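Peer 1: The following comprises the amino acid sequence and a computationally predicted model.
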Amino acid sequence: MAQVVTNGAMMQCAMGLAPSTLVVLPAKRLMGSSQPVATITDIVPFMNIPPFGVCTSLMNPTVAAATAAALGALTPMPCTPMIIGPWSPGSPTVVAGGIPALTNTSMCNCAYGGVITITMPGQMTVMAP
């Protein structure tokens, strides 16, 4: 069963070498575990999706140039997320501000070939003793 994603969720890009933390602004007024709930449109680079350390994709022009300068040895360069569309799929049952909520099974794509996935949804179920 999919979990709704909130501010502080952990993400990973297949072409990045470090995890990153999703940033969700409280504009949609739906909260989960005292944090704003993310939607499929929370894709703004640097605001919602910070960099993933360094990028290893040769589709990234800076990586390609650095690799060429190193005579073909892959040379990772700083990540600059270039998101090309909304997260997919969104939640079929939970909406925030009229937009489907983001779930831990959602993914989005970077123009440089990376696939970004949710590794920790940002909210946990707490059992009372």
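Peer 2: The structure has been received and is ready for your questions.
Peer 1: Which strands or helices does the longest strand anywhere in the chain pack on?
Peer 2: If you go by DSSP state E, the chain has its longest strand at strand 99-109. Secondary-structure packing of strand 99-109 (3 or more CB pairs under 8 Å, 6 or more residues apart in numbering; DSSP states H and E): strand 88-96, strand 115-120. C-beta coordinates here come from the backbone N, C-alpha and C atoms, glycine included.
Peer 1: those strands in the protein, which residues are they?
Peer 2: 10-13, 20-21, 31-32, 35-36, 54-55, 77-78, 88-96, 99-109, 115-120.
Peer 1: Which of those strands sits closest to Ala65?
Peer 2: The minimum distance between Ala65 and those falls on strand 77-78, with 8.2 Å, by CB to CB.
Peer 1: Give me the contacts around that closest one.
Peer 2: Pro51, Gly53, Val54, Cys55, Asn60, Thr62, Val63, Ala66 (CB atoms under 8 Å, 6 or more residues apart in numbering).
Peer 1: Just give me the neighbour total for the second one.
Peer 2: The reference is to Gly53. By other CB atoms under 10 Å, the residues close to Gly53 number 15.
Peer 1: let's have the chain start at 23 instead
Peer 2: All right, first residue 23 from here; so that's Gly75.
Peer 1: Hmm, Leu39 and it touching each other?
Peer 2: Yes: counting by CB atoms under 8 Å, Gly75 touches Leu39, with 4.5 Å between them.
Peer 1: any common contacting residues for the two?
Peer 2: Shared contacts of Gly75 and Leu39, counting by CB under 8 Å, 6+ apart, come down to nothing at all.
Peer 1: Out of the helices and strands packed on strand 121-131, which gets the lowest mean score?
Peer 2: Here the lowest mean pLDDT among these goes to strand 110-118, at a mean of 92.
Peer 1: Many thanks, we can stop here.
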